[in-house]
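K.L.:
For reference, the sequence and a predicted model appear below.
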Amino acid sequence: MIKFKSLNKSKDFQKILKKKRLTTKYYTIYYDKNLIKNNKYLNISFVMKKKIGNAVVRNKIKRRLRYVIQKILNEGELIDLNYTYVIFGKNNVYRDKFKELLIEANKTFKKIKLTNN
């Protein structure tokens, strides 16, 4: 099982936010190549705006997104570990079914993989 490693420094977030981005109904994902090659961890951060619900809703959205990414990692080689991802969740994650969220995430990471190869 691959563990997640989150970005900690503000300057790291600023670098990633200036790079490539994809927007979907459920989230906006920013991504770029890792500065340091490390295949043990997936560099991914889940971010929520304070305007979205209360703390319970925001944490549930982050948990659902984290579980979707973990499920994709367990199924196959769709997510590239040599990239850093920052995911901004949206309120639709809380309302819609998990299966729809999983399908959308698969499409998004396939698109990322195709554009980078």
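P.N.:
Everything's here; your move. Residues are numbered from 1 along each chain as shown.

K.L.:
Please enumerate the strands of the protein.
P.N.:
3-5, 20-23, 27-33, 41-47, 83-89 (DSSP state E).

K.L.:
want to throw the ones you listed into JSON lines with distance to Leu73?
P.N.:
Backbone N, C-alpha and C define where each C-beta goes, glycine included. Output for those, formatted as JSON lines (distance: least, Cβ to Cβ, whole Å):
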{"stretch": "strand 3-5", "distance to Leu73": "9"}
{"stretch": "strand 20-23", "distance to Leu73": "18"}
{"stretch": "strand 27-33", "distance to Leu73": "15"}
{"stretch": "strand 41-47", "distance to Leu73": "7"}
{"stretch": "strand 83-89", "distance to Leu73": "12"}
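
K.L.:
Which among the ones you listed is found nearest to Arg95?
P.N.:
Shortest distance between Arg95 and the strands of the chain, using Cβ to Cβ, is found for strand 83-89: 11.9 Å.

K.L.:
any idea which helix is longest in this protein?
P.N.:
helix 55-75 (DSSP state H).

K.L.:
and it, average pLDDT?
P.N.:
Here helix 55-75 scores 93 as its mean pLDDT.

K.L.:
How about stretch 96-109?
P.N.:
93.

K.L.:
Asp80 contacts Asn116, doesn't it?
P.N.:
Yes: under the criterion of Cβ atoms under 8 Å, Asp80 makes contact with Asn116 at 6.9 Å.
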